[in-house]
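S.K.: When you get a sec, could you give me coordinates for this:
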Amino acid sequence: MNEKHTIVAFYKFTPVADVAAAVADVKAKLEALGIYGTILIAPEGINGTMAGTPDAVEGLLAVLKTRFGLCRANDHVKFSYADTKPFKRLKVRPKKEIITFKQEGADPNKLAGQYVEPKDWNALISNPDVLVLDTRNDYETMLGTYQGAVVPPIEVFTEFAKYVRENLDPKKHQKIAMFCTGGIRCEKASAFMLSEGFPEVYHLKGGILKYLEDVPAEESKWQGECYVFDRRVAVGHGLKPAELGMCYSCGYPLRPEDVNHPLFERGVSCHHCHANTNAEQKARFRMRQSQQQGAEV
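M.R.: Reported below is the predicted structural model:
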């Protein structure tokens, strides 16, 4: 009987003085464990999703605790399981940021908003004095969000800062409650908001995924599905996979009517991205799709 693969997703904002040294040290130790997946290391902290045998994952967590102080009880550590190997190889990469934002004031190691537990989130966002702000990208928010949330029209997270500066006012918007998929983006966004002078900034601990896991559907203020960055595409309450597909060219989630759209071609384009690639690129995508189908036969 094959043993299931244990998957662990984690992040921690913590100062890393020498990123190059940390990358070399961590890579050597993880290679010895036989772990696989990706970990990003930046001056502001670590972010990764990795997998292996239960013993290998325990070894990984021990390495991360010793080197970065990552604690499964207090930090952002989530487990899941798979019957097949989810990642091909080990990647330990140095980065400028563990989540790209490009704003110097957005440093959760210096400023941080207030965590809100999922069980307390409904009460907070029901307060009429609180502005509820979605920090995710448009292809994520199109699937679902919280009742009454403001959804900025952004394609990438780096556009969030411009939206805030052009549309929100610290004097008018005294209380801000933010959320994202797993917590990392809104944690960084909360530091940015505080640096911009917003006096009270809150963010959902563990993100939407933790909320959908902990809060019963009958008590939920979430509407729709939550986009996730894996083969499930999106999940609903109880983290049950939604019946959605995904365009493998642009990453947009696809409902049945999107798959039936005249501009949809599996592995090549959907109606969101058809105009963004030329004939030569589409030909390459078709070749790739043909090779993948051949490999699956």
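S.K.: Outline the domain layout of this protein.
M.R.: What automatic domain parsing lists as the domains of the chain is 5-94, 114-224, 253-296.
S.K.: hey, where'd the helices end up in the stretch 1-150 of the chain?
M.R.: 19-33, 54-68, 118-125, 138-141 (DSSP state H, counting those that start in this stretch).
S.K.: for the last one, packing partners?
M.R.: Right, helix 138-141. strand 226-227 (3 or more CB pairs under 8 Å, 6 or more residues apart in numbering; DSSP states H and E). Yep, even glycine has a C-beta here, placed from its N, CA and C like the rest.
S.K.: Give the pairing partners of the strand it packs on; include direction for each.
M.R.: strand 234-235 (antiparallel) (DSSP bridges).
S.K.: Would you mind putting the domains of the chain into JSON lines with mean neighbour count and mean pLDDT alongside?
M.R.: Listed next are these as JSON lines, based on neighbours: other CB atoms under 10 Å; pLDDT from 0 to 100:
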{"stretch": "domain 5-94", "mean neighbour count": "17", "mean pLDDT": "92"}
{"stretch": "domain 114-224", "mean neighbour count": "18", "mean pLDDT": "94"}
{"stretch": "domain 253-296", "mean neighbour count": "14", "mean pLDDT": "76"}
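S.K.: who wins for proximity to Thr100 among these?
M.R.: domain 114-224 (6.2 Å; CB to CB).
S.K.: So for that closest one, first residue to last residue, what's the gap.
M.R.: End-to-end distance for domain 114-224, by CA to CA, to the nearest Å: 26 Å.
S.K.: swap in stretch 111-131?
M.R.: Stretch 111-131 has an end-to-end distance of 20 Å (criterion: CA to CA).
S.K.: With stretch 31-51 instead?
M.R.: The straight-line separation of the ends of stretch 31-51 (CA to CA) is 12 Å.
S.K.: excluding its backbone neighbours, what's nearest Ser126?
M.R.: Ranked by CB to CB, 6 or more residues apart in numbering and with sequence neighbours excluded, the top spatial neighbour of Ser126 is Lys221, at 7.6 Å.
S.K.: distance of the one you found from Lys119?
M.R.: Distance, Lys221 to Lys119, using CB to CB, to the nearest Å: 12 Å.
S.K.: Give me the common contacts of these two.
M.R.: Common contacts of Lys221 and Lys119 (CB atoms under 8 Å, 6 or more residues apart in numbering): none found.
S.K.: Now do whichever strand or helix holds Glu213 against helix 118-125: the angle between them, please.
M.R.: Assigned by DSSP states H and E, Glu213 belongs to helix 207-214. Helix 207-214 runs at 120 degrees relative to helix 118-125, counting by axes from the mean of the first three to the mean of the last three CA atoms, to 10 degrees.
S.K.: Follow the chain on from helix 207-214 and name the next helix or strand.
M.R.: By DSSP H and E, the next helix or strand past helix 207-214 is strand 222-224.
S.K.: Give the pairing partners of that following strand; include direction for each.
M.R.: Going by DSSP bridges, the partners of strand 222-224 are strand 144-146 (antiparallel).
S.K.: Check what contacts whichever helix or strand comes after the strand it pairs with and list those residues.
M.R.: Using DSSP H and E, the next helix or strand after strand 144-146 towards the C-terminus is helix 160-167. For helix 160-167, the external contacting residues (CB under 8 Å, 6+ apart) are 101-103, 106, 135, 152-154, 189, 192-193, 196.
S.K.: quick one on the thing from earlier: what would the helices of the stretch 1-150 of the chain look like in TSV with distance to Asp169?
M.R.: Formatted as TSV, those follow (distance: least, CB to CB, whole Å):
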stretch	distance to Asp169
helix 19-33	37
helix 54-68	37
helix 118-125	20
helix 138-141	22
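S.K.: so which of the ones you listed gets nearest Val92?
M.R.: Closest approach to Val92 among the helices of the stretch 1-150 of the chain is made by helix 19-33 (4.1 Å; CB to CB).
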